[in-house]
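Chemist: Here is my input; please provide its structure:
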Amino acid sequence: MGLVHLLRAVTVNFDLLGAEFAARNGLHPTDVRALIHLLDAARDGTPATPGWLGRQLRLNSAGTTALVDRLERLGLVRRERDGADRRRVLLEVEQKATELGWAFFGPVIDKVVATAEGFEADELETVRRFLTSVLHATQQMRSL
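Modeler: Residues are numbered from 1 along each chain as shown. This next block holds a predicted model:
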């Protein structure tokens, strides 16, 4: 249970950081989650459509449209036509969003990276395996 409590504490702290970032930048916490999903999709090579984003955030079509409109007005996201299927719209994170994120989260990311550098490769692999398993368990609970 000690690990569960530590994970909860880390989650709460990251959530508080996300809320502070949102407040400083005139965003809703859902906006921040949307940006995270879009950045993760870009990193993984996943095409991010409004429908895909809505499923990730569990928003209906109207809520997703309002979210994307808001992020687009703020210059954080843009809609692009899919080159392979012109009927499909893809969402792209603007450089401004990335810069805002790094300006705020960069110091904590640097500290986490520095902390990880103090561990051996096999220790980090164990942590990675553990966190991946926890992630999968929580994702399964979301689909219930």
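Chemist: and Thr30, how far is that from Val113?
Modeler: Note on Thr30: its distance to Val113, by C-beta to C-beta, to the nearest Å, is 27 Å. In short, each C-beta sits where N, CA and C put it, glycine included.
Chemist: Between the two, tell me which one has more neighbours.
Modeler: Thr30 (15 against 9; other C-beta atoms under 10 Å).
Chemist: Might one say that the more buried one is in contact with Ala66?
Modeler: No. Counting by C-beta atoms under 8 Å, Thr30 stays clear of Ala66, with 10.0 Å between them.
Chemist: Please report how far the residue nearest the centre of the chain lies from Arg24.
Modeler: Per C-alpha atoms, centre = their mean, the C-alpha nearest to the average position across the chain is that of Ile36, at 1.9 Å. Here the criterion is C-beta to C-beta. By it, Ile36 lies 16 Å from Arg24.
Chemist: Do a quick rundown of the strands in the chain.
Modeler: For the chain, applying DSSP state E gives strands covering 77-81, 89-93.
Chemist: shaky segments in the chain?
Modeler: Low-confidence segments of the chain, defined by pLDDT under 70: 143-144.
Chemist: which stretches of it form helices?
Modeler: 2-24, 29-44, 50-57, 61-73, 95-116, 121-142 (DSSP state H).
Chemist: Please name whichever of the ones you listed is nearest to Ala84.
Modeler: Checking those against Ala84 by C-beta to C-beta gives helix 50-57 as the closest, at 15.2 Å.
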